[in-house]
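Undergrad: model the following, please.
(chains A, B and C)
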Amino acid sequence: MHAVLPFVPFFPMVAFAVLALAGGRMAPRIIAITGVAPTALSALLTLITTGAFLGAPPDGRVLSVSFWTWVHIGGFAPKIAFYLDPLSLVMMLVVTFVGSLILLYSVEFMKGQEGYRRFFAYMNLFIGSMLILVLSSDLLFLLVGWEGVGLSSYLLIGFWYGDPANGAAARKAFIVTRVGDTALLVGLLLIFTQLGSLDIQNTMGSAQAEWARGSGMATAAALLILSGAIGKSAQLPLQTWLPDAMAGPTPVSALIHAATMVTAGVYLVARTHVVFDLAPAAQMVTAIIGAATLLYAGLSALAQTDIKRVLAYSTISQIGYMFLALGVGAWSAAIFHLMAHAFFKALLFLAAGLVIKAMGEEHDIRRMGGLRKDLPIVFWTFLIGAASLAAFPLVTAGFFSKDLVVDLTLSSQRGNLFLWVVAVVGALVTSLYAFRVVFLVFFGDPQSTLPRSTSPQERRGRGFGKASVVPLLVLATLAVAGGWMQLPRQWGGPSAFTDFLQPVLPAPATRVGGFAESAAPQVIVAVISVAAIYLSYLLFARRPAVVAGVAEHPLFQRLSNLALSGWGFDRLYGAVFVTPFLWLTRGGRGDVIDAGVSTIAWLARLLQRLLRRSQSGRLRYYVAAASFGVIAFIAVGILR
Amino acid sequence: MSAIPMGYALGLAAILFALGLVGVLVRRNIIFVLASIEVMLNAAGLAFLAAGARWGRADGQVMFVFILAVAAAEVSVGLAIALKCRRHLGTLDIDAISKLKD
Amino acid sequence: MMVAFWIAGGVAVAATGMVITRKNAMHALLYLVVSFLALAVVFYVLGAPLIAALEVIIYAGAIMVLFLFALMLLGLSTRHERQERAWMRPQGWVLPGLLTAVLLAELIYVMASGGPGAAPGAAPGPLEVKDVGMSLFGPYLLGVELASILLLAGLVAAHRLTREDPEDELQ
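TA: Numbering: from 1, shown residues only, chains lettered A, B, ... in the order given. Now for the predicted structure:
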């Protein structure tokens, strides 16, 4: 197993290198094989490793491979090393499996596009960076993967760089996450100066030994790490980049939202959960941010008209659930929801990509409708994804994972009723917006006058071959069956997932007795979820006139516009940060330093104008000047 | 054998050098300028020679030979330039040859 | 000896003065030859017969012949004499004369005040040609080589500069 592990991130990186350096003369077929096969191979290796892990006793489920010491300065010796435990393994599974399915889908989806090779190169870099991130045993090496993920997201969001708006979206993603990255770097420096190491296992051990519960140092470190996680995971207040990240191709969105990038923040917090455990205040902040984000993003998603933006806000909202879980100490529940979310969100994005293609690059859900009969496979898979997202009871993976999160929000000792209420309201909103998309896009009458391709030939031409459909079916299966390994505790069924993670991520201490332990909360959540789906049906399929009537109302219109623009965060940041910065730079253009430098230039020009007179080109003047100099020198010698 | 005080010989060299310098400064014809430079070089050689004789060393004479070589090279190139000048610009006026300025 | 020095020195100064004031280039060159010959006498008096001979052969001989050839090639006429007259206005002499006079005064002053005066009592023996040769090809060998390279450079430059270039005529 030791020998196999390094190849998992190695394969995508090699694929990236080959694709990046290959020059322009690769056949599309070869590019597709080079782009997909290595990651699929990584997924296979991950599967083998998983088998070995499951066969080993719980305390033997650790693998560490050390390559070399990066630098050695005094006591500072960060290592290039991998560390595999159940947490990393789950992340690795998600990244490689969902990643290779998305890559397979892209083979057809991106066919014929300019930059086919570039696309696969960046995607492989993305997956490889993410694998380094989840596998590294050292926080500094983790930062390498962290920044690699940031870089490749920038490259992919701005993939169609011909349009300046896409470039702006890419820069926005990069700069906004950079705010969090900076905080994370400060946090790492703090940990290093306080604990003398960046090795994750050592650091967590010594943190537990040296920092008292609730101490200022632990709180500061936890908050700084949290800031980094917030940036990457697009939580309040650094969430503004994710909706704009839709500028990239749809598979990129699927990858960013499901397998890589936004999950990195959740992973980081789970990875350093010891520090958070020592800082209840920081944990509370995490929970509040998660709760606020899930509600905020859910309400925004309700107003979006672009199908991809709906999904983007839904991602922010679901990650909010994960942060909520992290905030109440339900680490493994967060990871469970992360996994389930990866399945159904990738599914939703890939299905949405096919819808958009079938509609001829139309993104507006108001202009779609009645696609159920035209695109049956897409409809059914999308429906499964939406049901999973809405936590349709008893069947879907989303139900089991969200149920675990919501349940622990109430029953954990760190949780409370207020957070639970927010989570339940969030669940209601989630069902509403998820099925709003379903009903608007797939039911009702065809609204669009745009050409829709229905004939099989045309479908194939627009990327409806096997390579597109197979990932959808696999992901749909996972979106349903992925949750069956972990049944609610009230049912007394298996809890394989949390048991598996138990050595790394201990279960939170729970309250005993009362409302929290009864079956009532669970029933409430399930009923609300189903009721919201019905409400959605009523509002968006059965009686659209009611919605239209309400929408006429000016107050509602203003509210809707506000939600559409993400509650004005962009405008707020524009006013608070961008405008003053631009003002400063405009002022800075003629600043003192510049003036000093220009004075030198001006003096040089003045001197030049004076001295060029002496360059008359007349030899006799030169001779006279030279003899004058000689005379002066001798005179100095005499008079001295 | 030399009974000439060095100061006299040096004085003569100085006078000749000054005359050559005046020639360079005043004349505008390249031929005259070159001739004046010859005079100045000669004066420098005389100074070397006088000093060498004063101390009874051969170095002064060796220096004169070197000055001779320099003068020969200088005159050959200088006259060639003068010819070229005449062909191109139609004049020997040293003030007219100022194309390299600026 | 002193007499010879004074006479030769006087002739050299006078002839040089004529060189820089003549309007006819040919006359000036002849005066220059006279100056060189007078200087050769001075060299001889100073105890350097070899240098005196070189002065006559190379300066008064070869270099002056080079000048004369150049003059012939240039083909100077009376037109140029008139031009020289126009160029040599009296007021043009004032500043250079003043400048040079100051320089000369300084030089004389330095020599009169600082340097050792007459030859020391035990005058060193006369220098043989052999001594010069030994010195030239002994410690100064490198200088000789450099001088030969300089002369070669002068040769090449002169050849290149005086070549008839068809493209030159276009300019």
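Undergrad: buried residues, stretch A:533-545. List them.
TA: A:533, A:536-537, A:539-541 (16 or more other C-beta atoms under 10 Å in any protein chain shown). All C-beta atoms are positioned from the backbone trio N, CA, C, and that covers glycine.
Undergrad: quick one: mean pLDDT over that stretch.
TA: Averaged over stretch A:533-545, pLDDT sits at 75.
Undergrad: all strands for chain C, in order.
TA: All residues of chain C lie outside strands when identified by DSSP state E.
Undergrad: so where is it shaky, pLDDT-wise?
TA: Chain C contains residues with pLDDT under 70 at C:114-126, C:165-171.
Undergrad: packing partners of the longest helix along chain B?
TA: Taking DSSP state H as the criterion, chain B has its longest helix at helix B:59-89. Secondary-structure packing of helix B:59-89 (3 or more C-beta pairs under 8 Å, 6 or more residues apart in numbering or on different chains; DSSP states H and E): helix B:30-55, helix C:49-54, helix C:64-74, helix C:129-136, helix C:141-162.
Undergrad: what's the local residue count around the residue of chain B found nearest chain A?
TA: Closest contact between chain B and chain A, by C-beta to the nearest C-beta, is at residue B:98 (2.6 Å). If you count neighbours by other C-beta atoms under 10 Å in any protein chain shown, residue B:98 ends up with 14.
Undergrad: just residue A:33 next, same as before
TA: Other residues close to residue A:33 by other C-beta under 10 Å number 15.
Undergrad: now do it against chain B, distance only.
TA: Residue A:33 is 66 Å from chain B, where distance means C-beta to the nearest C-beta, to the nearest Å.
Undergrad: secondary structure class for that residue?
TA: helix (DSSP: H, G, I helix; E, B strand; the rest coil).
Undergrad: likewise residue B:97?
TA: coil.
Undergrad: ok, the residue nearest to it when sequence neighbours are not counted - contacts?
TA: Spatially, and ignoring its direct neighbours in sequence, residue B:97 is nearest to residue B:85 (6.1 Å; C-beta to C-beta, 6 or more residues apart in numbering or on different chains). Residue B:85 makes contact with B:30, B:91-92, B:97, according to C-beta atoms under 8 Å, 6 or more residues apart in numbering or on different chains.
Undergrad: give me the neighbour count for residue A:351.
TA: Residue A:351 has 31 nearby residues by other C-beta under 10 Å.
Undergrad: quick one, phi psi at it?
TA: Note on residue A:351: backbone dihedrals following degrees, to the nearest 10 are phi -70, psi -40.
Undergrad: again with residue A:367
TA: phi -100, psi 0.
Undergrad: equivalent analysis for residue A:75, please.
TA: phi -90, psi 0.
Undergrad: tell me which element residue A:82 falls in.
TA: strand A:79-84 (DSSP states H and E).
Undergrad: any buried residues in the helix or strand that comes right after that strand, and which?
TA: Next in sequence after strand A:79-84, counting helices and strands by DSSP H and E, comes helix A:86-109. Neighbour-count burial for helix A:86-109, counted by 16+ other C-beta under 10 Å, picks out A:86-109.
Undergrad: still on that earlier bit, tell me the most buried of the helices and strands packed on helix B:59-89?
TA: Most buried of those, by mean neighbour count (mean count of other C-beta atoms under 10 Å in any protein chain shown): helix B:30-55, with a mean of 23.
Undergrad: mind checking how far that one is from the chain centre?
TA: 6 Å (C-alpha atoms, centre = their mean, to the nearest Å).
Undergrad: now for that helix, which elements pack on it?
TA: Secondary-structure packing of helix B:30-55 (3+ C-beta pairs under 8 Å, 6+ apart): helix B:6-26, helix B:59-89, helix C:2-21, helix C:25-45, helix C:64-74.
Undergrad: just the pLDDT at residue 87, thanks.
TA: Let's take chain A. The predicted local confidence for residue A:87 is 86.
Undergrad: if you could check chain B rather than the one you did, that'd help
TA: pLDDT, residue B:87: 81.
Undergrad: do residue A:115 as well
TA: 81.
Undergrad: could you measure from residue A:600 over to chain B?
TA: Taking C-beta to the nearest C-beta, one finds residue A:600 at 22 Å from chain B.
Undergrad: got it, and residue A:282?
TA: 71 Å.
Undergrad: isn't that residue right next to residue A:272, touching?
TA: No - applying C-beta atoms under 8 Å as the test, residue A:282 and residue A:272 come out as separate, 10.7 Å apart.
Undergrad: what touches both of these two?
TA: Joint contacts of residue A:282 and residue A:272 (C-beta under 8 Å, 6+ apart) are residue A:222.
Undergrad: average pLDDT for stretch A:436-446?
TA: Here the average pLDDT along stretch A:436-446 is 78.
Undergrad: neighbouring contacts of it?
TA: Residues contacting stretch A:436-446 (C-beta under 8 Å, 6+ apart): A:302, A:307, A:310, A:355, A:365-366, A:368-372, A:379, A:382-383, A:386, A:452, A:536-537, A:539-541, A:544.
Undergrad: next one: stretch A:384-400
TA: Under C-beta under 8 Å, 6+ apart, the answer for stretch A:384-400 is A:314, A:318, A:336, A:340-341, A:343-345, A:347-348, A:351, A:402-403, A:427, A:430-431, A:434-435, A:437-438, A:475-476, A:478-484, A:486-488, A:525-526, A:529-530, A:532-533.
Undergrad: need the CA coordinates for it. PDB is fine.
TA: In PDB, the C-alpha atoms belonging to stretch A:384-400 read as follows (Å, rounded to 0.1, in the frame of the first residue of the first chain):
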ATOM      1  CA  ILE A 384     -32.900  12.300  -8.500                       C
ATOM      2  CA  GLY A 385     -30.300  15.000  -7.900                       C
ATOM      3  CA  ALA A 386     -32.900  17.600  -6.900                       C
ATOM      4  CA  ALA A 387     -34.600  15.100  -4.600                       C
ATOM      5  CA  SER A 388     -31.300  14.300  -3.000                       C
ATOM      6  CA  LEU A 389     -30.600  18.000  -2.600                       C
ATOM      7  CA  ALA A 390     -34.000  18.500  -1.100                       C
ATOM      8  CA  ALA A 391     -33.400  15.600   1.200                       C
ATOM      9  CA  PHE A 392     -36.400  13.500   0.000                       C
ATOM     10  CA  PRO A 393     -37.000  11.200   3.000                       C
ATOM     11  CA  LEU A 394     -36.000   7.600   3.300                       C
ATOM     12  CA  VAL A 395     -34.500   7.200  -0.100                       C
ATOM     13  CA  THR A 396     -31.900   9.700  -1.100                       C
ATOM     14  CA  ALA A 397     -28.300  10.100   0.200                       C
ATOM     15  CA  GLY A 398     -29.000  13.800   0.800                       C
ATOM     16  CA  PHE A 399     -31.700  12.800   3.300                       C
ATOM     17  CA  PHE A 400     -29.400  10.700   5.400                       C
END
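Undergrad: looking at chain B, which residue is nearest chain C?
TA: For chain B, C-beta to the nearest C-beta, closest residue to chain C: residue B:56, 2.5 Å.
Undergrad: so that residue makes contact with residue C:128?
TA: No - counting by C-beta under 8 Å, residue B:56 stays clear of residue C:128, with 11.3 Å between them.
Undergrad: who has more neighbours, the two?
TA: Neighbour count, other C-beta under 10 Å: between residue B:56 and residue C:128, residue B:56 has more, with 18 against 12.
Undergrad: could you measure from the more buried one over to residue A:339?
TA: For residue B:56, the distance to residue A:339 equals 106 Å [C-beta to C-beta, to the nearest Å].
Undergrad: got the contact list for residue 85?
TA: I'll assume chain A. Contacts of residue A:85 by C-beta under 8 Å, 6+ apart are A:61-63, A:503-504.
Undergrad: not quite, go with chain C.
TA: residue C:23.
Undergrad: now residue A:415
TA: Here residue A:415 is in contact with A:287, A:328, A:330, A:408-409 (criterion: C-beta under 8 Å, 6+ apart).
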